[in-house]
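S.K.: return a 3D structure for these sequence lines:
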Amino acid sequence: MKVLAECPHMIHIYSKTQEHYIKTAFIYDTDAEHSAPETATIYSLDGISERFAVMMYYPNIQAAPIYVRTEYEPETLGELLDDTGLSKYMTFDYDNAVVLNDEESRHVKDERITKVLDDCRSAANTGKNAASFSHDLTIKTDISYIGYDTTFIISKEGYIFTNITDKGASFYIGEEKALSCIEYLLGK
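M.R.: The predicted structure is shown next:
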């Protein structure tokens, strides 16, 4: 796992309650030569699968960083949306939520973007790298609980790619569906 953000202000997605308690663990700093283990209590996050991320509370330093599991690989786009809480926590860059061919930016209503992603929930993760297909339309999103922006790229070759996971994830939706999604997002 790697730490992405220390978010003590993000109380709305985690709480140190019995309902969210997973376990208490001893954590070792693998970068330190002779570190003593620290006790951390691991909690789940509201609306986010433990398979994707957890919050670790360190009582001796009063810190609660969120850790994203580096090995996370969803099988489908729907699994990614559900496990990461994107349906609940994703927001869009209002100045340029959608970029066409890396040039023309325009705002598209949030409902259109969520509809496109929801309509493609059954798309299987192919494991392909984003460099292997064109970037015809890019959707810029913000996922505040992990502290960084992410993108969804739709290619006319039939793929939706996202960089939310460490390795990235590409989902095959088919060429016809990809063109339909692009046209719908552009209001054609």
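S.K.: which stretches in this structure count as strands?
M.R.: Assigned by DSSP state E, the strands in the chain fall at 2-6, 21-27, 38-43, 53-57, 65-68, 91-92, 98-100, 104-106, 124-125, 137-143, 148-155, 159-162, 169-172.
S.K.: the second one - what's its average pLDDT?
M.R.: Averaging pLDDT along strand 21-27 yields 56.
S.K.: lowest-pLDDT helix or strand in the protein?
M.R.: strand 2-6 (a mean of 39; mean pLDDT, DSSP states H and E).
S.K.: nearest to residue 180 among the strands of the chain would be which one?
M.R.: Nearest to residue 180 among these is strand 148-155 (10.1 Å), distances taken as CB to CB. Any C-beta I mention is one placed from the backbone N, CA and C, and that applies to glycine too.
S.K.: next one: the closest one to chain centre, how far?
M.R.: 10 Å (CA atoms, centre = their mean, to the nearest Å).
S.K.: going forward, the N-terminal residue is numbered 694.
M.R.: Fine by me, first position is 694 from now on; the one you just mentioned is strand 841-848.
S.K.: which elements pack onto that strand?
M.R.: When contacts are defined as 3 or more CB pairs under 8 Å, 6 or more residues apart in numbering; DSSP states H and E, strand 841-848 packs onto strand 830-836, strand 852-855, helix 868-878.
S.K.: pick out the residue nearest the middle of this structure.
M.R.: residue 857 (3.9 Å; CA atoms, centre = their mean).
S.K.: contacts only, for it.
M.R.: For residue 857, the contact set (CB atoms under 8 Å, 6 or more residues apart in numbering) comprises 773, 777, 779, 836, 843.
S.K.: and the strands of the chain as TSV, adding distance to residue 879 and mean neighbour count?
M.R.: What follows is the strands of the chain, written out as TSV (distance: least, CB to CB, whole Å; neighbours: other CB atoms under 10 Å):
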stretch	distance to residue 879	mean neighbour count
strand 695-699	32	13
strand 714-720	43	12
strand 731-736	41	18
strand 746-750	33	22
strand 758-761	32	20
strand 784-785	15	15
strand 791-793	7	19
strand 797-799	8	13
strand 817-818	26	16
strand 830-836	8	20
strand 841-848	11	19
strand 852-855	16	23
strand 862-865	20	23
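S.K.: I appreciate the help and will end here.
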